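**Q** just a sequence and a predicted model for now, questions to come.
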Amino acid sequence: MQTYDELLAAVAAREGFEVRDPATGEVLGYAPDRTAEDLSRAVSAARVAQPGWEALGHEERSRLLRVAADAVEGASAALAELISREQGKPLNGPGSRFEAGGVAAWLRAAADIPLEPEQVGESAVLRYRAVGVVGAIGPWNWPALIACWQLAGALRMGNTVVLKPSEYTPLSVLALGEIVGRVLPEGVLTVLSGGRELGAAVVAEPGFGKLMFTGSTRTGRAIVAASAGNLPRLTLELGGNDPGIVLPDADPAAIAEDLFWGAFINTGQTCAALKRLYVHESLHDEVV
């Protein structure tokens, strides 16, 4: 079992940019301020590592992702505490312990995805193959969990990954990279912390076959424009605009708590949080 102090010491730098506890203003530590040159080196290492990682095959990569999930579970208490101190959400309820547990669950889910060749029509066969090196930029609201969404499937497919976390929550993602990276070959997963200049370098990097981004719609538009010269595949998870619908056969008492958390989980700082609620007129007063 890894302690919080041990995990923080493994990822925090002696200098770089400050990372503060949003509840107290206390400086938790310093995150390395990586540059475009650091990114180029990481991408080069990922390109070297990628063919060997893909050659391991789906079964072995799945096994390693399950080992990584076990490692995350072994450090989950420390990871959850770091998420709380850095991001600000509480430990309990749908908070940091929930997020750390979700990371392990998502690694296992990615490992279990069936990817056997699939017959399509009479003469075609659908096969899955890696695209190469994947670049990812994560958000601050669910820093470790969304980073896992980005990296787990990419690794499962045989890609290597270079990931930049939000400058507001870099330490928990660096910690995740440290935990998962222990069981992976060198160069397969790299987490680089930095500010907007590093983010711009990620978007413009020609060595990526695919880019993933979770964040604002405005930034998503900028990424589309900035990456056009390289034409990487893009997956953009942008701001949601999500309705809830309550039909007339619903039980208001049974769904009230779920409706509440659907809107206010993570204090509403969630892309898929309910933004509005449509309720059948026959249930309106009870739901309110």
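**A** Received the coordinates, thanks. All values derive from a computational prediction rather than experimental measurement.
**Q** got a list of what Lys164 touches?
**A** By CB atoms under 8 Å, 6 or more residues apart in numbering, the contact list for Lys164 reads Gly135, Ala136, Ile137, Gly138, Val191, Leu192, Ser193, Gly194, Leu198, Gly199, Val202. Backbone N, C-alpha and C define where each C-beta goes, glycine included.
**Q** and the first one, what does it touch?
**A** What it means is Gly135. 43, 161-164, 202-203, 205, 208, 210-212, 232.
**Q** hang on, it in a strand?
**A** Yes: judged by DSSP: H, G, I helix; E, B strand; the rest coil, Gly135 forms part of a strand.
**Q** how far away from the center of its chain is the host helix or strand of Arg221?
**A** Of the helices and strands defined by DSSP states H and E, Arg221 is found in helix 217-226. Offset of helix 217-226 from its chain centre (CA atoms, centre = their mean, to the nearest Å): 19 Å.
**Q** one step back: between the contacts of Gly135, which is nearest Leu283?
**A** Nearest to Leu283 out of these is Met212 (CB to CB; 39.4 Å).
**Q** double-check that closest one against Val131; I have them as touching.
**A** No: when contacts are counted by CB atoms under 8 Å, Met212 is not listed as touching Val131 (11.3 Å).
**Q** avg pLDDT for stretch 23-38?
**A** Average pLDDT, stretch 23-38: 95.
**Q** may I see the buried residues of it?
**A** Buried residues in stretch 23-38, defined by neighbour count with 16 or more other CB atoms under 10 Å: Leu28, Gly29, Tyr30, Ala31, Pro32, Asp33, Arg34, Asp38.
**Q** if you look at these, which of them are in helices?
**A** Asp38 (DSSP state H).
**Q** list just the nearest of the buried residues of stretch 23-38 to Gly262.
**A** Distance to Gly262, by CB to CB, is smallest for Leu28 among the buried residues of stretch 23-38, at 30.6 Å.
**Q** you'd agree the closest one is up against Ser84?
**A** No: with contact defined as CB under 8 Å, Leu28 does not count as touching Ser84 (10.7 Å).
**Q** what segments of the stretch 1-150 of the chain are strands?
**A** 17-20, 27-31, 118-120, 124-126, 133-137 (DSSP state E, counting those that start in this stretch).
**Q** can you put those strands in JSON lines and add distance to Val180?
**A** JSON lines is the format used below for the strands of the stretch 1-150 of the chain (distance: least, CB to CB, whole Å):
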{"stretch": "strand 17-20", "distance to Val180": "20"}
{"stretch": "strand 27-31", "distance to Val180": "18"}
{"stretch": "strand 118-120", "distance to Val180": "29"}
{"stretch": "strand 124-126", "distance to Val180": "29"}
{"stretch": "strand 133-137", "distance to Val180": "13"}
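**Q** what distance do you get for the residue most central in space within the chain to Lys275?
**A** Nearest residue to the geometric centre of the chain (CA atoms, centre = their mean): Ala147, 1.6 Å. Distance, Ala147 to Lys275, using CB to CB, to the nearest Å: 24 Å.
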